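In: sequence? don't have it. structure:
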């Protein structure tokens with residue numbers, strides 16, 4: 001189990017309706033996620049949960065220390081099925097490892 005660093009707010013739009021919004025914070029990628037994307041979600045260490053969730057916390061430096069890339073040694077990466085693209089698929093098969101098909105280097109042989 002792990003937790004992403006996120007922020008949320010509620011505000012009134014010009015029509016006077018309350019809007020609830022949230023975001024997952026991102027950071028630079030670690031060695032595992034860099035081949036996939038140029039950023040990754042901030043994954044909080046369990047010892048930082050209380051600090052992150054403290055509504056009275058005002059220490060910017062302490063908050064910034066939590067926003068670093070996760071330790072790559074605690075992560076792994078493997079290809080999964082394209083089934084994961086559809087929200088209609090919500091089962092264990094979505095995260096099961098699959099063999100990658102060979103990719104053709106050139107359009108014409």
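Out: That came through, no problem. As the structure is a computational prediction, the values presented were derived from the model and not from experiment.

In: Now the spatially most central residue of the chain: closest residue in space, sequence neighbours ignored.
Out: The centroid of the chain falls nearest to residue 41 when counting by C-alpha atoms, centre = their mean (3.2 Å). Spatially, and ignoring its direct neighbours in sequence, residue 41 is nearest to residue 4 (4.7 Å; C-beta to C-beta, 6 or more residues apart in numbering). Any C-beta I mention is one placed from the backbone N, CA and C, and that applies to glycine too.

In: And the one you found, what's its pLDDT?
Out: The model reports residue 4 with a pLDDT of 97.

In: tally of neighbours for it?
Out: 13 (other C-beta atoms under 10 Å).

In: What's the separation between it and residue 101?
Out: 31 Å (C-beta to C-beta, to the nearest Å).

In: Check residue 90 too.
Out: Counting by C-beta to C-beta, the gap from residue 90 to residue 101 is 24 Å.

In: coming back round to it: partner residues bridging the residue nearest to residue 41?
Out: Legend: beta-bridge partners of residue 4 under DSSP bridges are residue 43.

In: What residues does it make contact with?
Out: With contacts defined as C-beta atoms under 8 Å, 6 or more residues apart in numbering, residue 4 is in contact with 24-25, 41-44.

In: which one among those residues gets closest to residue 83?
Out: Distance to residue 83, by C-beta to C-beta, is smallest for residue 41 among those, at 21.7 Å.
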